[in-house]
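[1] predicted model follows, preceded by the sequence.
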Amino acid sequence: MTIDNPFWDAVKDCVEADSFAGNPVVGEFRLDRSVEASMARAPNRQQLVRKYCWTIPDPDTVAFVAEHAQGALVDPMAGTGYWAYLLGQLGVDVVSYDLNPGTALVTNGWHGEDLYAEVCAKDGAEAVALHPDRTLLLSWPPFQQDVGARILTGYAGTRLIYIGEDKGHTGDDEMRRILDRDWAEVDSRRPVQWWGVHDRVTVYQRG
């Protein structure tokens, strides 16, 4: 099923196999071509992730998340609501929260005013406590902050879809300890990645 996905439309023509492992990436600066040629294949990452979301939502990755959502998600750090917009087109019911939703997004110093779904104002840990019956979508929790750990602690449900780096620029050590202790990996896939970024989409079941 084809869905409206302007983020993907903006980068899909720049996807290529990286020169090290052959994985699909966007924005690699390669030794076998000029800087100018590489720049021509490197969309503005900062601009796009501010406008949409952190991970490149290629069609197969969106379908993967929809398949494992089991029909209903809670997204406690929804940002622009872009994941809710994409998944809603595939029949997934998503309730979205953010500490600074809507026009208040600009107050977090990152997002602009673009909004793609209804996003309610609430702390992430408080939000997930309201929805133990929904799969938790935990996407790019802030690096070396306790947000991800607090959300996992506040969530009483049994299914989690985590989008981010393993020991890179998402979450903190406590979040990873909780994942290792309380959750068992069910499935995982590598999305089309920005060159140099090592994010994955991992599905967990409470252990």
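    Ah, there it is. Just so we're clear, the structure is a prediction, and the values are computed from it rather than from any experiment. Numbering: from 1, shown residues only.
[2] from here on, contacts and neighbour counts on C-alpha atoms
    Will do.
[3] for the host helix or strand of Phe64, packing partners?
    Element membership of Phe64, judged by DSSP states H and E, is helix 59-68. In terms of contacts (3 or more Cα pairs under 8 Å, 6 or more residues apart in numbering; DSSP states H and E), helix 59-68 is packed against helix 82-88, strand 199-206.
[4] just the strands in the chain please.
    Assignment of strands within the chain using DSSP state E yields the ranges 15-17, 24-26, 72-75, 93-98, 119-121, 135-139, 159-165, 183-189, 193-194, 199-206.
[5] contact partners of the second one?
    What it means is strand 24-26. Here strand 24-26 makes contact (Cα atoms under 8 Å, 6 or more residues apart in numbering) with 11, 14-18, 41-43, 192-195.
[6] could you redo the last one with a cut-off of 7 Å?
    Cys14, Val15, Glu16, Ala17, Asp18, Ala42, Val192, Gln193, Trp194, Trp195 (Cα atoms under 7 Å, 6 or more residues apart in numbering).
[7] go on, the fourth one?
    Judged by Cα under 7 Å, 6+ apart, the contacts made with strand 93-98 from elsewhere in the structure are 71-79, 81, 84, 88, 118-124, 127.
[8] go with 10 Å
    For strand 93-98, contacts defined as Cα atoms under 10 Å, 6 or more residues apart in numbering pick out 66, 69-88, 104-105, 117-124, 126-128, 131, 134-137.
[9] of all the helices and strands packed on helix 59-68, which lies closest to Tyr162?
    strand 199-206 (5.2 Å; Cα to Cα).
[10] quick one: the closest one to helix 59-68, angle?
    Relative orientation of strand 199-206 and helix 59-68, computed by axes from the mean of the first three to the mean of the last three Cα atoms, to 10 degrees: 10 degrees.
[11] strand 199-206 pairs with which strands?
    Paired neighbours of strand 199-206 in the sheet (DSSP bridges): strand 159-165 (antiparallel), strand 183-189 (antiparallel).
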